[in-house]
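S.K.: using only what follows, build the 3D model:
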Amino acid sequence: MKEGHRINQSVEKRIDSLEGLIDKKQFALNNAPKGSLRSTIIQGKERYYHYLPGETKSGIYLPESKMDLAQALAQKSYDEKILNAAEGEMKALKKYLGSVPAVMVEDIFESYSDSRQKLIVPIIETDEQFLQRWLNQPFPNVKGRREHPVVITDQGKEVDSKAELVLSMQFDKRKVPFLQQVPIVLPSGRVIYADFKALNLRKRKEFVWEHLGMLGSEDYGRHSLPRLNELIMNGYIPGVNLILTWESEECKLDLRVVNKLINTYLI
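M.R.: Down below sits the predicted model:
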(Lines give C-alpha, C1' and ligand atoms only; values in the text may rest on other atoms or scores of the structure.)
Protein backbone atom coordinates (compact mmCIF):
# COMPACT_ATOMS: atom_id res chain seq x y z
CA MET A 1 0.00 0.00 0.00
CA LYS A 2 1.29 3.47 -0.83
CA GLU A 3 2.30 5.54 2.16
CA GLY A 4 -0.02 8.40 1.18
CA HIS A 5 -2.99 6.04 0.99
CA ARG A 6 -2.05 4.62 4.38
CA ILE A 7 -2.08 8.15 5.85
CA ASN A 8 -5.51 8.85 4.33
CA GLN A 9 -6.86 5.59 5.72
CA SER A 10 -5.63 6.56 9.17
CA VAL A 11 -7.41 9.92 8.86
CA GLU A 12 -10.63 8.21 7.73
CA LYS A 13 -10.40 5.79 10.63
CA ARG A 14 -9.98 8.72 13.02
CA ILE A 15 -13.03 10.44 11.52
CA ASP A 16 -15.10 7.27 12.03
CA SER A 17 -13.96 7.12 15.65
CA LEU A 18 -14.83 10.79 16.20
CA GLU A 19 -18.26 10.36 14.64
CA GLY A 20 -19.03 7.54 17.07
CA LEU A 21 -17.78 9.64 19.98
CA ILE A 22 -19.88 12.64 18.89
CA ASP A 23 -23.04 10.53 18.70
CA LYS A 24 -22.34 9.10 22.15
CA LYS A 25 -21.75 12.49 23.77
CA GLN A 26 -24.71 14.14 22.06
CA PHE A 27 -26.97 11.40 23.45
CA ALA A 28 -25.46 11.84 26.93
CA LEU A 29 -25.92 15.62 26.83
CA ASN A 30 -29.54 15.29 25.68
CA ASN A 31 -30.18 13.30 28.86
CA ALA A 32 -28.02 15.39 31.20
CA PRO A 33 -29.59 17.53 33.98
CA LYS A 34 -30.20 21.20 33.29
CA GLY A 35 -27.81 23.81 34.61
CA SER A 36 -24.15 23.59 35.58
CA LEU A 37 -21.95 22.86 38.57
CA ARG A 38 -20.13 25.46 40.64
CA SER A 39 -17.58 24.44 43.21
CA THR A 40 -15.65 26.27 45.89
CA ILE A 41 -13.57 25.46 48.94
CA ILE A 42 -14.84 26.58 52.34
CA GLN A 43 -12.75 25.84 55.44
CA GLY A 44 -10.65 23.37 53.47
CA LYS A 45 -13.63 21.40 52.21
CA GLU A 46 -14.98 21.25 48.66
CA ARG A 47 -18.52 22.56 48.32
CA TYR A 48 -20.73 22.02 45.27
CA TYR A 49 -23.60 24.17 43.99
CA HIS A 50 -26.18 23.58 41.28
CA TYR A 51 -26.45 26.70 39.16
CA LEU A 52 -29.54 27.29 36.99
CA PRO A 53 -29.80 30.40 34.76
CA GLY A 54 -32.19 32.96 36.17
CA GLU A 55 -31.88 31.70 39.75
CA THR A 56 -29.51 32.75 42.54
CA LYS A 57 -26.01 33.68 41.42
CA SER A 58 -24.37 31.32 43.86
CA GLY A 59 -26.57 28.36 42.99
CA ILE A 60 -28.26 25.77 45.18
CA TYR A 61 -25.98 24.01 47.67
CA LEU A 62 -25.65 20.26 47.06
CA PRO A 63 -25.26 18.20 50.26
CA GLU A 64 -23.68 14.74 50.36
CA SER A 65 -27.05 13.22 49.53
CA LYS A 66 -26.99 15.06 46.20
CA MET A 67 -23.54 13.91 45.05
CA ASP A 68 -25.10 11.95 42.19
CA LEU A 69 -26.37 15.25 40.77
CA ALA A 70 -22.96 16.88 41.30
CA GLN A 71 -21.31 14.02 39.42
CA ALA A 72 -23.85 14.26 36.57
CA LEU A 73 -23.24 18.02 36.23
CA ALA A 74 -19.47 17.57 36.28
CA GLN A 75 -19.74 14.87 33.62
CA LYS A 76 -21.96 17.19 31.56
CA SER A 77 -19.28 19.89 31.59
CA TYR A 78 -16.65 17.36 30.52
CA ASP A 79 -18.88 15.92 27.77
CA GLU A 80 -19.55 19.41 26.38
CA LYS A 81 -15.82 20.06 26.02
CA ILE A 82 -15.25 16.64 24.48
CA LEU A 83 -18.06 17.24 21.99
CA ASN A 84 -16.69 20.65 20.98
CA ALA A 85 -13.17 19.29 20.54
CA ALA A 86 -14.34 16.22 18.58
CA GLU A 87 -16.49 18.31 16.24
CA GLY A 88 -13.62 20.75 15.64
CA GLU A 89 -11.14 17.97 14.93
CA MET A 90 -13.53 16.12 12.62
CA LYS A 91 -14.22 19.30 10.66
CA ALA A 92 -10.47 19.89 10.22
CA LEU A 93 -9.82 16.28 9.15
CA LYS A 94 -12.64 16.33 6.59
CA LYS A 95 -11.27 19.58 5.20
CA TYR A 96 -7.85 17.93 4.95
CA LEU A 97 -9.23 14.94 3.03
CA GLY A 98 -11.07 17.29 0.69
CA SER A 99 -7.93 19.22 -0.18
CA VAL A 100 -5.14 16.63 -0.11
CA PRO A 101 -3.58 16.07 -3.56
CA ALA A 102 -4.04 12.77 -5.38
CA VAL A 103 -0.27 12.14 -5.23
CA MET A 104 1.43 12.73 -1.89
CA VAL A 105 5.15 13.25 -1.43
CA GLU A 106 5.46 9.78 0.15
CA ASP A 107 4.03 8.20 -3.03
CA ILE A 108 6.42 9.70 -5.57
CA PHE A 109 9.19 7.14 -5.02
CA GLU A 110 6.86 4.26 -5.89
CA SER A 111 5.95 5.92 -9.19
CA TYR A 112 9.46 5.17 -10.51
CA SER A 113 10.51 1.88 -12.07
CA ASP A 114 12.58 -0.60 -10.05
CA SER A 115 15.68 0.33 -12.03
CA ARG A 116 15.21 4.02 -11.17
CA GLN A 117 14.37 3.30 -7.52
CA LYS A 118 17.80 1.69 -7.10
CA LEU A 119 19.40 5.06 -7.91
CA ILE A 120 17.27 7.15 -5.56
CA VAL A 121 17.37 7.75 -1.81
CA PRO A 122 13.69 8.20 -0.89
CA ILE A 123 12.49 10.48 1.91
CA ILE A 124 10.94 7.42 3.57
CA GLU A 125 12.33 3.91 3.24
CA THR A 126 9.87 1.32 2.04
CA ASP A 127 9.36 -1.67 4.31
CA GLU A 128 11.39 -3.79 1.91
CA GLN A 129 14.29 -1.30 1.89
CA PHE A 130 14.24 -1.07 5.67
CA LEU A 131 14.15 -4.86 5.98
CA GLN A 132 17.07 -5.39 3.61
CA ARG A 133 19.17 -2.77 5.38
CA TRP A 134 18.34 -4.39 8.73
CA LEU A 135 19.16 -7.90 7.51
CA ASN A 136 22.44 -6.74 5.98
CA GLN A 137 23.68 -4.70 8.93
CA PRO A 138 27.37 -5.41 9.41
CA PHE A 139 28.67 -7.20 12.48
CA PRO A 140 31.87 -9.15 13.20
CA ASN A 141 32.26 -12.80 12.25
CA VAL A 142 31.29 -14.80 15.34
CA LYS A 143 32.36 -18.32 14.38
CA GLY A 144 35.43 -18.15 16.58
CA ARG A 145 33.35 -17.80 19.72
CA ARG A 146 31.52 -21.12 19.38
CA GLU A 147 32.66 -23.79 21.82
CA HIS A 148 30.57 -26.66 20.42
CA PRO A 149 29.23 -27.78 17.03
CA VAL A 150 26.44 -25.69 15.56
CA VAL A 151 23.12 -26.80 14.13
CA ILE A 152 22.46 -25.79 10.54
CA THR A 153 18.95 -24.67 9.62
CA ASP A 154 17.18 -25.40 6.33
CA GLN A 155 18.18 -21.92 5.20
CA GLY A 156 21.84 -22.57 6.01
CA LYS A 157 21.87 -20.43 9.15
CA GLU A 158 23.98 -21.53 12.10
CA VAL A 159 22.53 -21.79 15.61
CA ASP A 160 23.96 -23.14 18.83
CA SER A 161 21.39 -25.69 19.90
CA LYS A 162 18.32 -27.66 18.91
CA ALA A 163 16.18 -25.22 20.93
CA GLU A 164 17.55 -22.31 18.90
CA LEU A 165 16.86 -24.34 15.76
CA VAL A 166 13.23 -24.69 16.87
CA LEU A 167 13.03 -20.94 17.55
CA SER A 168 14.52 -20.08 14.17
CA MET A 169 12.00 -22.39 12.48
CA GLN A 170 9.16 -20.60 14.27
CA PHE A 171 10.53 -17.22 13.16
CA ASP A 172 10.64 -18.45 9.56
CA LYS A 173 7.18 -19.98 9.83
CA ARG A 174 5.72 -16.73 11.19
CA LYS A 175 7.72 -14.62 8.71
CA VAL A 176 9.58 -12.81 11.47
CA PRO A 177 12.92 -11.39 10.23
CA PHE A 178 15.79 -12.39 12.50
CA LEU A 179 19.55 -12.48 12.87
CA GLN A 180 21.35 -15.05 14.97
CA GLN A 181 24.42 -14.80 17.21
CA VAL A 182 24.52 -11.01 17.03
CA PRO A 183 27.28 -9.25 18.98
CA ILE A 184 26.15 -6.51 21.37
CA VAL A 185 28.97 -4.15 22.31
CA LEU A 186 28.39 -2.78 25.81
CA PRO A 187 29.71 0.66 26.90
CA SER A 188 32.43 -1.16 28.85
CA GLY A 189 33.68 -2.64 25.58
CA ARG A 190 32.59 -6.14 26.56
CA VAL A 191 30.81 -8.07 23.80
CA ILE A 192 27.76 -10.20 24.54
CA TYR A 193 26.53 -12.44 21.74
CA ALA A 194 22.74 -12.42 21.67
CA ASP A 195 21.03 -15.62 20.61
CA PHE A 196 18.81 -13.66 18.22
CA LYS A 197 17.77 -10.23 17.14
CA ALA A 198 14.20 -10.25 15.80
CA LEU A 199 12.39 -7.46 13.98
CA ASN A 200 8.82 -6.23 14.21
CA LEU A 201 8.72 -4.84 10.68
CA ARG A 202 5.32 -3.20 11.13
CA LYS A 203 6.71 -1.05 13.97
CA ARG A 204 10.30 -1.13 12.69
CA LYS A 205 11.44 -2.15 16.16
CA GLU A 206 14.03 -4.79 16.98
CA PHE A 207 14.20 -7.05 20.00
CA VAL A 208 16.97 -9.15 21.47
CA TRP A 209 15.70 -12.70 22.05
CA GLU A 210 17.60 -14.74 24.62
CA HIS A 211 16.92 -18.42 25.25
CA LEU A 212 18.00 -19.78 28.63
CA GLY A 213 18.38 -23.41 27.73
CA MET A 214 19.65 -25.20 30.83
CA LEU A 215 18.26 -23.42 33.87
CA GLY A 216 18.49 -26.59 35.93
CA SER A 217 22.28 -26.61 35.59
CA GLU A 218 24.17 -24.79 38.32
CA ASP A 219 27.11 -24.09 36.02
CA TYR A 220 24.81 -22.72 33.31
CA GLY A 221 23.02 -20.46 35.78
CA ARG A 222 26.32 -19.17 37.13
CA HIS A 223 27.24 -18.07 33.61
CA SER A 224 23.88 -17.04 32.14
CA LEU A 225 22.16 -15.12 34.93
CA PRO A 226 24.94 -12.53 35.49
CA ARG A 227 25.01 -12.12 31.69
CA LEU A 228 21.27 -11.47 31.72
CA ASN A 229 21.69 -8.93 34.53
CA GLU A 230 24.38 -7.21 32.46
CA LEU A 231 22.05 -6.94 29.48
CA ILE A 232 19.31 -5.43 31.65
CA MET A 233 21.67 -2.93 33.28
CA ASN A 234 22.70 -1.80 29.80
CA GLY A 235 19.19 -1.05 28.63
CA TYR A 236 17.83 -4.38 27.39
CA ILE A 237 14.63 -4.65 29.41
CA PRO A 238 12.32 -7.71 29.31
CA GLY A 239 9.07 -6.78 27.58
CA VAL A 240 10.54 -3.56 26.20
CA ASN A 241 13.33 -4.65 23.86
CA LEU A 242 14.30 -8.03 25.32
CA ILE A 243 12.34 -11.28 24.96
CA LEU A 244 13.17 -14.32 27.11
CA THR A 245 12.41 -18.02 26.78
CA TRP A 246 13.78 -20.80 28.98
CA GLU A 247 13.78 -24.48 29.69
CA SER A 248 15.14 -27.05 32.11
CA GLU A 249 14.92 -30.82 32.53
CA GLU A 250 11.53 -30.38 34.19
CA CYS A 251 10.22 -27.56 31.94
CA LYS A 252 10.69 -28.00 28.21
CA LEU A 253 10.44 -25.27 25.58
CA ASP A 254 6.73 -24.61 24.98
CA LEU A 255 5.89 -23.50 21.43
CA ARG A 256 2.61 -22.05 22.68
CA VAL A 257 4.64 -19.63 24.78
CA VAL A 258 6.98 -18.90 21.87
CA ASN A 259 4.05 -18.03 19.59
CA LYS A 260 2.41 -15.95 22.33
CA LEU A 261 5.60 -13.88 22.54
CA ILE A 262 5.82 -13.60 18.75
CA ASN A 263 2.20 -12.44 18.56
CA THR A 264 2.71 -9.92 21.35
CA TYR A 265 5.97 -8.32 20.27
CA LEU A 266 6.88 -9.22 16.70
CA ILE A 267 3.71 -9.29 14.55
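S.K.: in this structure His93 contacts Asp16, no?
M.R.: Not quite, residue 93 is Leu, not His. No: between Leu93 and Asp16 there is no contact under CB atoms under 8 Å: 10.4 Å. (Glycine included, C-beta is placed from N, CA and C.)
S.K.: just for the stretch 151-267 of the chain, where's the confidence low?
M.R.: 151-158 (pLDDT under 70).
S.K.: helices of that one, residue ranges please.
M.R.: 162-173, 218-233, 255-265 (DSSP state H, counting those that start in this stretch).
S.K.: make a markdown table from these and add distance to Gly35 and mean neighbour count to it.
M.R.: Conversion of the helices of the stretch 151-267 of the chain to a markdown table gives the following (distance: least, CB to CB, whole Å; neighbours: other CB atoms under 10 Å):
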| stretch | distance to Gly35 | mean neighbour count |
| --- | --- | --- |
| helix 162-173 | 61 | 18 |
| helix 218-233 | 56 | 13 |
| helix 255-265 | 48 | 14 |
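S.K.: roughly how far apart are the residue nearest to the spatial centre of the chain and Asn241?
M.R.: Geometric centre of the chain, nearest residue: Lys203, 7.1 Å, by CA atoms, centre = their mean. As judged by CB to CB, to the nearest Å, Lys203 and Asn241 stand 11 Å apart.
S.K.: Arg222 now?
M.R.: 25 Å.
S.K.: check Lys162 too.
M.R.: Distance from Lys162 to Asn241, by CB to CB: 26 Å.
S.K.: before we move on, back to that, okay, Leu93 and Asp16: which has more neighbours?
M.R.: Leu93 (15 against 11; other CB atoms under 10 Å).
S.K.: secondary structure element for the more buried one?
M.R.: helix 67-99 (DSSP states H and E).
S.K.: likewise Tyr61?
M.R.: Short version, using DSSP H and E: Tyr61 is in strand 60-62.
S.K.: and that strand, what's buried?
M.R.: Across strand 60-62, burial judged by 16 or more other CB atoms under 10 Å covers Leu62.
S.K.: what does that strand contact?
M.R.: With contact meaning CB atoms under 8 Å, 6 or more residues apart in numbering, strand 60-62 is reached by 47-52, 69-70.
S.K.: again, only this time at 7 Å
M.R.: 47-50, 69-70 (CB atoms under 7 Å, 6 or more residues apart in numbering).
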